[in-house]
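Novice: next input, structure requested:
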Amino acid sequence: MKNPFKMFKPGPKVAVIRLHGAIGMGRNSLTDASLAPLIEKAFARGKPKAVALLINSPGGSPTQSALIAARIRRLAAEKELPVYGFVEDVAASGGYWLATAADEIYADDNSILGSIGVISGGFGFHELLKTYGVERRVHTAGKSKSMMDPFQPEKAEDVARLKKILEAIHQNFITQVQARRGEKLSDENLFTGEIWLGQQAVENGLIDGIGHMVPMMKARFGDEVQFKVYGQKKGLLSRFGATIMSQIEERSLWARFGL
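Specialist: Sure, this is the predicted structure:
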C-alpha cells in the first residue's frame, strides 16, 4: 500500500549562493561583509544536502576574494556539506578564486575561466597639469607616502616596489589554486593570467566538467530536489549610490572578457 503522506514529504534541498558581479569595488560589489549573512543562512537553514555556488564574476579585490572563499570553506567543513561551483559567463581572476571554494567546479562550454594573475592600473596626469600651467602642492612625512602619485612622473623605485607587492599577491593566488585543485591541474603554465573556455578549462584541470546547475543537482539528489537561492538584492537607491568611478572600474573589468 502506498504511503498517503509521501506526496507531502519535501524533496532534498540545495542552497544556492549567487555570486554575481565584481568583487570589493564599490557599494554594489561582492564583499565578505555583505555576503556573510547570506552565506551563513545558506549553510544553516533547512538542512541542505549541499551548497551550490552560482558564479558570474570578472574579479576584483584579491583580499575580498580570499575572505569570501575562506568563509565558504570554513562553513563547509563545519556543516560537513559538499560545495559545487557552477560558472555562468565568467569566473576569472578573483571570480575564479571564488570558484575554488567549491569541491567540484562546472561551467558552460562558452564560459570564460582562469586569468590567474594580478593587475594594477592607473593614469598619469603630470603632463596634463604642465600643459594647463597647474601647480600641485603635496607635503608628506615618509618618503614612500606619495608612491605612484598619478600627478607626478612615474618613479622606477615605485614601480619596483609595486611589482613586488603584485608578485606576492600572485603567489597567494597560485597557492590557493594549487591547494584546492591539487593534482587535477595539468601544468604550471596555468598561472600566466591566460583565460580559457569551458572545455579547455576541463582539459587543463581548472574545472571538473561541463554542466549546468539544475540538471546536475537533479542527477545527484533526485528530480524532487528543491533550490533555495541566496543573493544580494540591489535596490534602485543602492544603484544610484554607487560612485561613477566604481561603475567605470567594474565596467572595465567585464569589458576585458567581452561582456
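Novice: so which residues of the protein form helices?
Specialist: With helices called from DSSP state H, the chain shows them at 32-44, 62-79, 94-99, 126-131, 156-181, 198-203, 213-221, 236-241, 244-255.
Novice: surely Gln176 meets Ala69?
Specialist: Yes. Gln176 is within contact range of Ala69, at 7.3 Å (criterion: CB atoms under 8 Å). In short, each C-beta sits where N, CA and C put it, glycine included.
Novice: what residues are shared contacts of those two?
Specialist: Common neighbours of Gln176 and Ala69, counting by CB atoms under 8 Å, 6 or more residues apart in numbering, are Trp97, Thr100.
Novice: out of the helices of the chain, which one sits most buried?
Specialist: Counting by mean count of other CB atoms under 10 Å, helix 94-99 has the highest mean neighbour count of the helices of the chain, with a mean of 28.
Novice: re the thing from before, mean pLDDT and distance to Asn56 added to the helices of the chain, as JSON lines?
Specialist: JSON lines is the format used below for these (pLDDT from 0 to 100; distance: least, CB to CB, whole Å):
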{"stretch": "helix 32-44", "mean pLDDT": "96", "distance to Asn56": "14"}
{"stretch": "helix 62-79", "mean pLDDT": "97", "distance to Asn56": "14"}
{"stretch": "helix 94-99", "mean pLDDT": "97", "distance to Asn56": "8"}
{"stretch": "helix 126-131", "mean pLDDT": "68", "distance to Asn56": "37"}
{"stretch": "helix 156-181", "mean pLDDT": "89", "distance to Asn56": "19"}
{"stretch": "helix 198-203", "mean pLDDT": "96", "distance to Asn56": "14"}
{"stretch": "helix 213-221", "mean pLDDT": "97", "distance to Asn56": "12"}
{"stretch": "helix 236-241", "mean pLDDT": "48", "distance to Asn56": "17"}
{"stretch": "helix 244-255", "mean pLDDT": "69", "distance to Asn56": "10"}
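Novice: nothing else from me, thank you.
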